[in-house]
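Peer 1: my questions are about this predicted structure, shown below with the sequence.
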Amino acid sequence: MADKNSPIGVFDSGVGGLTVAREIMRQMPEERIVYFGDTARVPYGNKSRSTVIRFTRQIIRFLLTQDVKAIVIACNTATAYALEEVEKDMNIPIVGVIHAGAKTAVESTQNGKIGIIGTEGTINSGEYTKVMMKMREDIQVTGKPCPLLVPLVEEGLLHDSVTDEIASRYLSELKGKYIDTLILGCTHYPLLRSTVGRLMGPEVTLVNPAYETALELKQVLEEQGLLCESCGGDQEKYRFYVSDLAEKFTNFAASILPGRVTETKQINIEEF
């Protein structure tokens, strides 16, 4: 039985999952978090399903050594490829980032035309479309892989002319589909929200699955009696781990979570 005062485990291929961690901190400020970024093997979007499943299992094994009470797969590609595979082996709650965002998109659209931007893995998996079609059969979904956006975010080029140009090329195809709702189907993309919003125009509603996932997690923890009661004490509230480039991660993370990332520890994830 999980301890309600244990931390929540959150992981991603790199820094993108910090947008999910940030929303969890906002929605549940009393909770403790252990974050892992697989910075040695980012991005996941161009990897095979079997490889992403193997990576996901390794990371889950590591997080379980940290006595986490729940796990959030804060990566759309890993959610699409691995969630169904790994959740059957879990005895603690595990939440992905696709279901909550898909639900919000279906509820938000007026004309039934929804766009998704994500990695090649996420888009090619068709997972968002499958989930949304179960909720509403008459919607039209257009997916657009945007493989260059993740490395641009990882390099910190959030407000750069190169990022603008690349994003504009990707989004032009979606603009021709008259979508009224766009899912930011990669946890890196909320960091480009202002750019995407400006390029798509005010008539397109942007859905941030990071926010919706934090709400879903809170509901799951409430239902299972796992919301934190007294998570203070001497233990560090937020702990960060990576598989490579710890100092670079710390510097970038500090810009997303000011004052909350003082140290990042590097581990050898291949040992798990």
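Peer 2: Now that the structure is in, tell me what you want to look at. Residues are numbered from 1 along each chain as shown.

Peer 1: quick one: the residue lying closest to residue 121 once chain neighbours are set aside from residue 125, how far?
Peer 2: Leaving aside its sequence neighbours, residue 121 sits nearest to residue 77 (C-beta to C-beta, 6 or more residues apart in numbering; 4.0 Å). For every residue, glycine as well, the C-beta is placed using N, CA and C. Applying C-beta to C-beta, to the nearest Å, the value for residue 77 to residue 125 is 8 Å.

Peer 1: now do residue 95
Peer 2: The spacing between residue 95 and residue 125, counted by C-beta to C-beta, is 18 Å.

Peer 1: show me where this protein has its strands.
Peer 2: Listed in chain order, the strands of the chain (DSSP state E) span 8-12, 33-37, 70-73, 94-95, 113-118, 140-145, 181-184, 205-207, 238-242, 264-266.

Peer 1: give the contact list for the residue lying closest to residue 256 once chain neighbours are set aside.
Peer 2: With sequence-adjacent residues excluded and distances taken as C-beta to C-beta, 6+ apart, residue 256 is closest to residue 18, at 4.8 Å. For residue 18, the contact set (C-beta atoms under 8 Å, 6 or more residues apart in numbering) comprises 12, 35, 37, 187, 253, 256-257.

Peer 1: hmm, 10 Å instead?
Peer 2: Taking C-beta atoms under 10 Å, 6 or more residues apart in numbering, we find residue 18 in contact with 10, 12, 25, 35, 37, 74, 187-188, 190-191, 210, 240, 249, 252-253, 255-257, 260-261.

Peer 1: out of those residues, which are inside helices?
Peer 2: Among these, DSSP state H puts 25, 210, 249, 252-253, 255-256 in helices.

Peer 1: now the buried members of these.
Peer 2: The neighbour-count test (16 or more other C-beta atoms under 10 Å) marks 25, 210, 249, 252-253, 256 as buried among these.

Peer 1: nearest to residue 131, of these?
Peer 2: Proximity of those to residue 131 (C-beta to C-beta) peaks at residue 210, which lies at 16.7 Å.

Peer 1: give me the more crowded residue out of residue 95 and residue 125.
Peer 2: Of the pair residue 95 and residue 125, residue 95 is the one with more neighbours under other C-beta atoms under 10 Å, namely 25 against 21.

Peer 1: these two touch, right, that one and residue 210?
Peer 2: No - using C-beta atoms under 10 Å, residue 95 is not in contact with residue 210, being 11.9 Å away.

Peer 1: which neighbours do the two share?
Peer 2: 20, 72, 74.

Peer 1: identify the residues contacting residue 69.
Peer 2: By C-beta under 10 Å, 6+ apart, the neighbours of residue 69 are 1-9, 31-32, 92-93, 221, 224, 226-228.

Peer 1: before we move on, what about residue 139?
Peer 2: By C-beta under 10 Å, 6+ apart, the contact set of residue 139 is 105-106, 109, 111-114, 129, 132-133, 181.

Peer 1: and for residue 183?
Peer 2: Neighbouring residues of residue 183 by C-beta under 10 Å, 6+ apart: 76, 98, 101-102, 104-105, 108, 114-118, 122, 128, 132, 141, 143, 189, 205-209, 212.

Peer 1: pull out the buried residues from these.
Peer 2: 76, 98, 101-102, 104-105, 114-118, 122, 128, 132, 141, 143, 189, 205-209, 212.

Peer 1: many thanks, we can stop here.
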